[in-house]
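1. Give me coordinates for this.
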Amino acid sequence: MVNTSDVRFEEARFIGNSPESKKINRAIKKFSKVESNILIAGDTGTGKEFIARQIHALSSTKNRPFVVLNCSALGITIDNKELFGEETAKDGSIQRTLGIIECANRGTLYLKNTEEMPTPFQFELLQVFREKKFRRIGGKESIALEVRIISANVADLAKDIESGKFRKDLYYLLNTLSIKVSSLKERRQDIPELFIFFLKKYCSENGLEIPAVPAEIFESILEYEWKGNIRELKNCVENLVMMSPEGELATEFLPFEIKRHPLDFLEVRNLKGVISEVETYLIKKALLKFAGNQVKAAKLLGIPEATLRFKMKKYAIPKD
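-> Numbering: from 1, shown residues only. Here you go, the predicted model:
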């Protein structure tokens, strides 16, 4: 079991003690003190918007708006009127509708899925950001724009520039400062802390006591690839909290792809090949458990040390 009593319920930082997470937290503090535009790059679910919100929350404009613009929706569910606002004359009076850009004025505009911004909007927004002014649709006067732009992208924008999909001038306008967010599988040492954070979060939200966590759960989550990154881990923990009986988390409520037994991945083929694969897996796991100690690994596997050394040589398993 894992003791969770000494873990604080805290979300004022990018959670994790890996070198990558510490670097991100330093960047958040430094970037919040300046007004330069920021580009955050990272896979889906790595926490890009969280980082942007933290920078805004620590900045001098923390009491001003933080407005999200989903660039993949431009030209589909977001048109120029929604983006820039509108002015219409009716019965001798002017009716004004504020757009997304104006709502973010004097605050932070967060561009989500920047790489999916359609080309016509790239040109329009470049002009607005460069000239620091815009005009409502139907309006006659330009409105001064004072906004901090934080952009986020999943795809490699440098490649999009080469292919002509993304404007180079807009890229350099957005990319004054930059943050690269590593995927969760590249910073596995952060997984236990993130797991406990979400465990405490969902227990607190649902009025539940913090349950015991079987060691098998940590073994499973540390070995899993987490293609959905932090977002996938968050969903996994929420499901565990809501489905497990009170008092202890149950491994049966881990998502199937996470709790799946390693042998389920074996293909049906020659029995000798399968046996060697199973032996290799178990020997490596035993050695890993005891940090390469062959005496303890052999005892756990129930075989003589000489047999273990023979099989390690046979399957080319390194001593460390």
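2. Against which helices or strands is the helix or strand harbouring Ile28 packed?
-> If you go by DSSP states H and E, Ile28 is part of helix 19-31. Under the contact criterion of 3 or more CB pairs under 8 Å, 6 or more residues apart in numbering; DSSP states H and E, helix 19-31 touches helix 48-58, strand 177-181. C-beta here means a position set from N, CA and C on the backbone, and glycine is covered the same way.
3. So which of those is nearest Phe253?
-> Among the helices and strands packed on helix 19-31, helix 48-58 comes nearest to Phe253, with 25.7 Å by CB to CB.
4. Sort out which residues of that closest one are buried, please.
-> For helix 48-58, burial by neighbour count (16 or more other CB atoms under 10 Å) applies to 48, 50-56.
5. what does stretch 241-258 give?
-> Buried residues in stretch 241-258 (16+ other CB under 10 Å): 241, 244, 249, 251, 253-254, 258.
6. give the contact list for Tyr315.
-> Each residue near Tyr315 by CB atoms under 8 Å, 6 or more residues apart in numbering is listed here: 276, 279-280, 283.
7. If you rank these by neighbours, which is first?
-> Ile283 (20 neighbours; other CB atoms under 10 Å).
8. Which residue is the nearest non-sequential neighbour of Ser142?
-> Lys133 (4.4 Å; CB to CB, 6 or more residues apart in numbering).
9. phi, psi of the spatially most central residue of the chain?
-> Residue closest to the mean C-alpha point of the chain, counted by CA atoms, centre = their mean, is Thr46 at 1.0 Å. The phi/psi pair for Thr46 (degrees, to the nearest 10) reads phi -90, psi -10.
10. Looks like it contacts Glu232 (just checking).
-> No - the criterion here is CB atoms under 8 Å, and Thr46 misses it with Glu232 at 10.5 Å.
11. what's the one helix or strand Gln127 maps to in contact with?
-> Using DSSP H and E, Gln127 falls within helix 119-131. Where contact means CB under 8 Å, 6+ apart, the residues beyond helix 119-131 that reach it are 71, 74-75, 80, 83, 101, 117, 134, 145, 149, 165-167, 169-170, 173-174.
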